[in-house]
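> based on what follows, work out the 3D shape:
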Amino acid sequence: MIVVGSSSRWTLAILMCWTCSGQGLVMRGLEGPTQSVTRGMDIILHCRYDLEAGDRLYAVKWFHGTREFYRFQPELQPPSRSFPIEDVYVDVESSNAEKLVIRHVVPGTSGIYRCEVSAEETFETDYREMNITIEDAPMADPVIYNIQSRYAIDDELRINCTSFDYGPTSRLHWIINGQMKSDDDDEVTLYPTRWRTPSAAADSQFISGATPEASTTIGLHIKRLTRQHFTSGNQLTVVCTASSMGSAHRRSSAVKAVLDEGLSRQGPLVNPLRPSTAAPTAAGDKRRSPQTSTGGCSGLASNLVAIILTTIQLALFR
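Numbers count the residues shown, from 1 in each chain. Predicted coordinates for the structure are as follows:
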């Protein structure tokens with residue numbers, strides 16, 4: 001006969017309870033992005049778990065770091081609740097007991113995410129964590145300005161490229177016919193970044209109001225084009241790339257110009273897809289167009305009257 005003391009009975013009861021409830025809640029894992037995500041995208045996290053037959057879900061809680069920001073509790077109506085925190089924007093309608101949807105991520109959305117699951121009958125609680133990194137990438141492709149559609153040997157090439165961002169600013173680079181220009185190249189100019197506060201019309205829910213807009217510009221000035229600047233197909237290919245510091249994501253724009261050995265020096269042929277910096281005609285310019293050199297509309301009217309009178313006189317003398 002084995003006699004079990006009071007304290008021993010409690011210990012045995014706890015061990016038995018832990019043993020029988022060990023399979024009550026089984027965490028299968030936490031699924032999400034396997035690599036860094038670019039600003040502005042949506043992310044979906046799946047919290048995988050199983051409950052033993054007869055047990056019920058008490059709650060699923062989501063944490064960003066140590067702060068709870070979303071909870072799914074079946075016994076409540078509605079079962080989904082969000083607790084707003086900065087830079088984490090939950091789509092409550094699309095989220096449920098196993099899925100969490102976060103919209104329009106920003107760099108501040110980065111961090112450790114924890115899914116904590118609790119069972120109702122066995123009182124078990126378990127969790128899984130994962131780290132999510134949001135990279136800042138340029139908002140759009142950079143824009144190349146002032147490129148012409150045709151160039152001749154000995155012509156000057158002077159162009160700019162601008163990228164627009166919500167900080168941090170982009171790093172811009174020139175690639176000429178597949179060869180990247182270094183920042184310290186004499187033909188490359190890095191201009192100071194320009195900042196401005198986002199417009200009031202911007203949706204501050206998805207764009208942090210404290211983050212100003214930035215425009216970064218890089219210039220390229222080749223004083224004299226040679227035949228070496230053109231490929232065997234008589235093309236000059238210019239690419240401008242924009243990427244954020246420490247980011248693998250980048251955007252780029254490419255333009256092409258052709259070599260025209262018979263290009264007239266009276267004026268450049270401007271690429272219609274790119275803005276031109278040609279200065280407008282100065283006010284008070286006395287040069288006339290072909291129409292004004294002949295008197296314009298009044299001159300045409302006078303000539304018409306003279307022709308009619310001459311016709312009438314010829315008819316009368318016949």
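
> from H173, how far out is Q179?
11 Å (CB to CB, to the nearest Å). In this view, the C-beta of every residue, glycine as well, is placed from N, C-alpha and C.

> swap in L190?
Here L190 is placed at a distance of 10 Å from H173 (CB to CB).

> before we move on, what about Y151?
21 Å.

> any idea of the pLDDT on the spatially closest residue to H173 that is not a sequence neighbour?
Once flanking residues are discounted, H173 sits nearest to T241: 4.9 Å by CB to CB, 6 or more residues apart in numbering. You'll see T241 listed with a pLDDT of 90.

> just to be sure, T241 is in a strand?
Yes - counting by DSSP: H, G, I helix; E, B strand; the rest coil, T241 falls inside a strand.

> surely it meets R250?
Yes - T241 lies in contact with R250 (CB atoms under 8 Å); the separation is 5.5 Å.

> of these two, who's got more company?
T241 (22 against 16; other CB atoms under 10 Å).

> contact partners for H221?
The contact partners of H221, by CB atoms under 8 Å, 6 or more residues apart in numbering, come to E156, L157, R158, E187, T189.

> any idea how far it is from C161?
Distance of H221 to C161, computed by CB to CB: 12 Å.

> cool, S110 as well?
From S110 across to C161, the span is 29 Å (CB to CB).

> what of S170?
10 Å.

> partners of the closest residue to S82 other than its chain neighbours in the sheet?
In this structure, S82 finds its nearest non-sequential neighbour in V90, 4.7 Å apart by CB to CB, 6+ apart. V90 has these beta-bridge partners by DSSP bridges: I102.

> test my guess that V90 contacts F69.
Yes - at 6.6 Å, V90 counts as touching F69 under the criterion of CB under 8 Å.

> common neighbours of those two, please.
With CB under 8 Å, 6+ apart, V90 and F69 have common neighbours S82.

> which of L190 and H173 has more neighbours?
When L190 and H173 are compared for neighbours, H173 comes out ahead with 20 against 13, by other CB under 10 Å.

> the more buried one: what's it in contact with?
M180, K181, D183, I218, C240, T241.

> residue ranges with poor pLDDT in the stretch 101-250 of the chain?
Applying pLDDT under 70 to the stretch 101-250 of the chain flags residues 139, 166-169, 197-212, 245-249.

> make it 80
135-140, 165-170, 196-214, 244-250 (pLDDT under 80).

> show me the strands in the stretch 1-150 of the chain, by range?
Along the stretch 1-150 of the chain, counting by DSSP state E, counting those that start in this stretch, strands occupy 25-31, 37-38, 43-51, 57-64, 67-72, 80-82, 89-90, 99-103, 111-119, 125-132, 134-135, 143-145, 150-151.

> thinking again about what came up before, now the residue nearest to H173: how far from N146?
18 Å.

> check R158 too.
Plainly put, R158 is 7 Å away from N146 if you go by CB to CB.

> ok, the two, which is more surrounded?
Set side by side, R158 and N146 show more neighbours around N146, with 19 against 15, by other CB under 10 Å.

> would you confirm that that one contacts L157?
No - counting by CB under 8 Å, L157 is not a contact partner of N146; they are 9.2 Å apart.

> returning to that earlier point: anything in contact with each of S170 and C161?
P142.

> A137 is in contact with R250, correct?
Yes - applying CB under 8 Å as the test, R250 and A137 come out as touching, 7.3 Å apart.

> burial of D141, as a residue count?
D141 has 16 neighbours, counted by other CB under 10 Å.

> mind checking how far it is from V239?
Counting by CB to CB, the gap from D141 to V239 is 11 Å.

> so for those two, which residues contact both of them?
Common neighbours of D141 and V239, counting by CB under 8 Å, 6+ apart, are S252, S253.

> what's the burial count for the residue nearest to N131 when sequence neighbours are not counted?
Among residues not flanking N131 along the chain, I112 sits closest, at 5.5 Å (CB to CB, 6+ apart). I112 is flanked by 12 other residues according to other CB under 10 Å.

> please apply the same query to the one 4 residues further on.
For E116, the number of neighbouring residues by other CB under 10 Å comes to 18.

> what's near enough to touch it?
Contacts of E116 by CB under 8 Å, 6+ apart are V60, K61, W62, F63, T125, D126, Y127.

> can you do 6 Å?
If you count contacts by CB atoms under 6 Å, 6 or more residues apart in numbering, E116 has them with K61, Y127.

> from Y70, how far out is it?
According to CB to CB, E116 and Y70 sit 11 Å apart.

> now do the contacts for S118.
Y58, A59, T125.

> narrow the residues you listed to those that are buried.
Buried members of the contacts of S118, counted by 16 or more other CB atoms under 10 Å: Y58, A59.
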